[in-house]
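Colleague: Give me a 3D structure for the following:
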Amino acid sequence: MDGAEGQEGGRAAAPWNRMRAGETAGPVPPQSDAGIWFIGRLRTPWSDPCACPRRGDAAAGPLCRIELDPLWAEALDGLRPGPVQLLYWMHLGRRDLRRQSPKDDGTTRGTFALRSPMRPNPIASSEVAFLGLDGADLLVRGLDCTDGTPLLDIKPVHGSLK
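Modeller: Alright, predicted model coming up:
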């Protein structure tokens, strides 16, 4: 599919997945090369990708919650409040775009020159402020993704280990 008709997999594309003027798409591989586990879900105030901030604000952004799968609770041992890096899966993004028009003005750039969530492997990375735990949930500020986004990993920011 070249995407020009605004369809994704034979159905109408969601507003955030529609092709913009000048954008190009291509085929994706028929199978994956590796498997991953989602270790939790990110809980944010945004249900629509169009409403998400372009970058999260770790100082003044809304309080968000990480619901970690209980299987991984022991892996939090030693994690202290402060900056952490989250890797997450932008599950609502297209994976076939080669060129994108980030300002929706017809001017395009290559996908790898942008921080767009529309990528062959929609892995996002954000440095957030880890504030503490609420039961088994992590409380953070600085997210920029939709509610329910799958979490891939949590890493302390280099130099923040004590």
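Colleague: Now do the end-to-end distance for stretch 140-158.
Modeller: 18 Å (CA to CA, to the nearest Å).
Colleague: Please disregard the earlier target; I meant stretch 74-89.
Modeller: 22 Å.
Colleague: quick one: buried residues of that stretch?
Modeller: Across stretch 74-89, burial judged by 16 or more other CB atoms under 10 Å covers 79, 83-84, 86, 88-89. (Glycine included, C-beta is placed from N, CA and C.)
Colleague: TSV for the residues you listed, including secondary structure and pLDDT?
Modeller: Supplementary listing: the buried residues of stretch 74-89 in TSV, determined by DSSP: H, G, I helix; E, B strand; the rest coil; pLDDT from 0 to 100:
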residue	secondary structure	pLDDT
79	coil	94
83	strand	96
84	strand	97
86	strand	97
88	strand	97
89	strand	96
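Colleague: Let me have the residues you listed in CSV, adding distance to residue 151 as columns.
Modeller: Shown next, in CSV, are those (distance: CB to CB, whole Å):
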residue, distance to residue 151
79, 14
83, 17
84, 11
86, 7
88, 5
89, 8
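Colleague: List just the nearest of these to residue 19.
Modeller: Among those, residue 89 lies closest to residue 19 (CB to CB), at 21.9 Å.
Colleague: out of everything not next to it in sequence, what's closest to the closest one?
Modeller: Excluding its sequence neighbours, the residue lying closest to residue 89 (CB to CB, 6 or more residues apart in numbering) is residue 150, at 4.4 Å.
Colleague: And residue 119, by the same measure?
Modeller: residue 111 (6.0 Å).
Colleague: any idea how far residue 76 is from the one you found?
Modeller: Residue 111 sits at a distance of 34 Å from residue 76 (criterion: CB to CB, to the nearest Å).
Colleague: likewise residue 135?
Modeller: From residue 135 to residue 76 the distance is 12 Å (CB to CB).
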